[in-house]
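K.L.:
Let me see the structure of the following:
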Amino acid sequence: MSFTAEVKDELARVDGPTRAAQQAQLSAIVRVCGTLSFRGPGRYSIKIATETGAVARTAIKLTHKLFDLETSLTVRRSVLHKTRNYLIEIPEQPELEDALIELGILIAGRGLAPGVPRNLLRTRSAISAFVRGAFMAGGFIADPRGEFHLEIAVTGEDFARELVALISSFGAGARLNHRRGAYAIYLKSYEDITALLRGMGAGRVARVVEVARAKKSVKNDVNRRVNAEMANQARSTGAAADQLQLIDEAEALIGMRSLPPALRAFCEARRENPELSLAALGQEMDPPASKSAMYHRVLRLQQLVNDAKNPTEDA
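P.N.:
Next comes the predicted model:
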């Protein structure tokens with residue numbers, strides 16, 4: 001089961017507490033993945049197509065429970081994609097027009113209603129149910145172990161913008177993208193996605209996303225630490241190589257016996273421990289020396305080598 005199907009399966013198990021909430025959920029499902037046919041005054045039929053069994057079950061259950069309408073279900077398997085396609089048909093029947101008006105899909109005597117059905121969305125539970133139905137009908141969410149991405153595909157600019165406003169009421173920041181005649185409402189941050197999931201009633205999946213984020217955070221922190229350590233090691237290795245070259249020059253130009261005792265001890269320790277950082281090398285000295293003290297010895301050695309290379313400048 002895909003992660004999207006897992007989310008929709010959980011949402012399908014959430015029951016709206018009131019008739020208005022149940023109507024709001026069915027209204028969103030019909031609006032997002034339904035097709036309305038008109039054959040004359042009062043003569044309507046609906047086809048609802050989905051690839052998710054939980055969505056098909058919810059649409060049929062609510063249609064029967066709320067309006068006792070006749071429905072038929074056809075299940076087809078896609079040979080190409082190896083998935084099932086569910087087609088729910090609500091044929092022409094006398095009660096259907098009144099049901100569409102009650103769902104806020106039709107306005108009596110005026111045709112299709114634009115935007116979301118505000119008359120149904122007067123309570124928090126109804127808003128939650130409507131957004132839940134919209135996601136079930138046209139939503140996608142990426143597996144949070146990869147990226148954080150959730151979107152809902154809808155048609156109609158007014159409907160899309162008003163749905164964005166409803167999602168924002170959950171504290172989730174959604175954006176809108178016009179895509180080939182349709183609109184994609186999308187969220188890409190962990191905070192926004194979990195806020196929306198909780199707002200729709202998918203608390204269990206929201207916790208799954210939280211766990212995935214926590215694991216990502218630990219993994220990223222480990223990676224940062226490893227990268228920082230590797231970078232430090234690379235810098236230390238480069239610095240040690242420079243110091244060894246400086247020591248060779250000092251030996252050739254000045255001679256080890258001519259160096260001050262502290263510098264001679266540094267040179268000997270560095271040659272014996274080329275892999276250590278300057279701070280770690282200082283701990284090998286007797287007595288131990290700080291990183292700052294070791295750095296000053298390198299500077300003193302560099303100055304002596306420079307003086308040896310350019311004796312006339314000192315005159």
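
K.L.:
Neighbours of the residue nearest to I90 when sequence neighbours are not counted, how many?
P.N.:
The shortest distance from I90 to any non-neighbouring residue, by C-beta to C-beta, 6 or more residues apart in numbering, is to I46 (4.2 Å). Backbone N, C-alpha and C define where each C-beta goes, glycine included. By other C-beta atoms under 10 Å, 22 other residues sit near I46.

K.L.:
got it, and the one 3 residues further on?
P.N.:
A49 sits with 17 neighbouring residues when counted by other C-beta under 10 Å.

K.L.:
hmm, back to that, and what about the residue nearest to I90, helix, strand or coil?
P.N.:
The three-state assignment at I46 reads strand, by DSSP: H, G, I helix; E, B strand; the rest coil.

K.L.:
Contacts only, for it.
P.N.:
By C-beta atoms under 8 Å, 6 or more residues apart in numbering, I46 lies in contact with V30, G34, T35, L36, S37, E89, I90, L96.

K.L.:
and the residues you listed, which of them are in strands?
P.N.:
Members of these lying in strands (criterion: DSSP state E): G34, T35, L36, S37, E89, I90.

K.L.:
returning to that earlier point: just the buried ones out of the contacts of I46, please.
P.N.:
Among those, those buried by neighbour count (16 or more other C-beta atoms under 10 Å) are V30, G34, L36, I90, L96.

K.L.:
Hmm, the second one is touching K47, no?
P.N.:
The reference is to G34. Yes. The pair G34 / K47 is scored as a contact, 6.7 Å apart, by C-beta atoms under 8 Å.

K.L.:
give the contact list for V30.
P.N.:
Taking C-beta under 8 Å, 6+ apart, we find V30 in contact with L36, I46, I48, A59, L103, I105.

K.L.:
just checking, the fifth one touches L26?
P.N.:
Pointing back at L103 there. Yes. With contacts counted by C-beta under 8 Å, L103 reaches L26, the gap being 6.3 Å.

K.L.:
between these two, who's got more neighbours?
P.N.:
Using other C-beta under 10 Å, the more surrounded residue of L103 and L26 is L26, with 29 against 23.

K.L.:
what's the nearest residue to that one if we skip its chain neighbours?
P.N.:
L62 (4.1 Å).

K.L.:
residues near R132, how many?
P.N.:
Neighbour count for R132, taken as other C-beta under 10 Å: 27.

K.L.:
Same question for V131.
P.N.:
29.

K.L.:
hang on, it packs against S168?
P.N.:
No. Counting by C-beta under 8 Å, V131 stays clear of S168, with 10.5 Å between them.

K.L.:
if I pick A231, what's in contact with it?
P.N.:
A231 makes no contacts at all, as judged by C-beta under 8 Å, 6+ apart.

K.L.:
State the distance from it to V222.
P.N.:
According to C-beta to C-beta, to the nearest Å, A231 and V222 sit 15 Å apart.

K.L.:
what's the first-to-last distance across stretch 141-160?
P.N.:
With C-alpha to C-alpha, to the nearest Å as the measure, stretch 141-160 spans 18 Å from end to end.

K.L.:
Just the helices from the protein, written as ranges.
P.N.:
Ranges of helices in the chain, per DSSP state H, are 3-12, 19-33, 53-67, 96-102, 124-138, 157-168, 190-200, 203-253, 261-272, 278-283, 291-309.

K.L.:
tell me the angle the first one makes with helix 124-138.
P.N.:
In this structure, helix 3-12 runs at an angle of 150 degrees to helix 124-138, with axes from the mean of the first three to the mean of the last three C-alpha atoms, to 10 degrees as the basis.

K.L.:
Export only the CA atoms of helix 3-12, formatted as CSV.
P.N.:
Output of helix 3-12 as CSV, limited to C-alpha atoms (Å, rounded to 0.1, in the frame of the first residue of the first chain):
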residue,chain,number,x,y,z
PHE,A,3,1.7,6.1,1.7
THR,A,4,-1.1,8.1,0.1
ALA,A,5,-3.4,5.1,0.2
GLU,A,6,-2.5,4.6,3.8
VAL,A,7,-3.5,8.1,4.7
LYS,A,8,-6.8,7.9,2.7
ASP,A,9,-7.6,4.6,4.4
GLU,A,10,-7.2,6.3,7.8
LEU,A,11,-9.3,9.2,6.7
ALA,A,12,-12.1,6.9,5.4
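
K.L.:
How about S27: what's its closest non-neighbour residue?
P.N.:
In space, and not counting its chain neighbours, S27 is closest to L103: 4.1 Å by C-beta to C-beta, 6+ apart.

K.L.:
what's near enough to touch that neighbour?
P.N.:
Counting by C-beta under 8 Å, 6+ apart, L103 touches Q23, L26, S27, V30, P117, L120.
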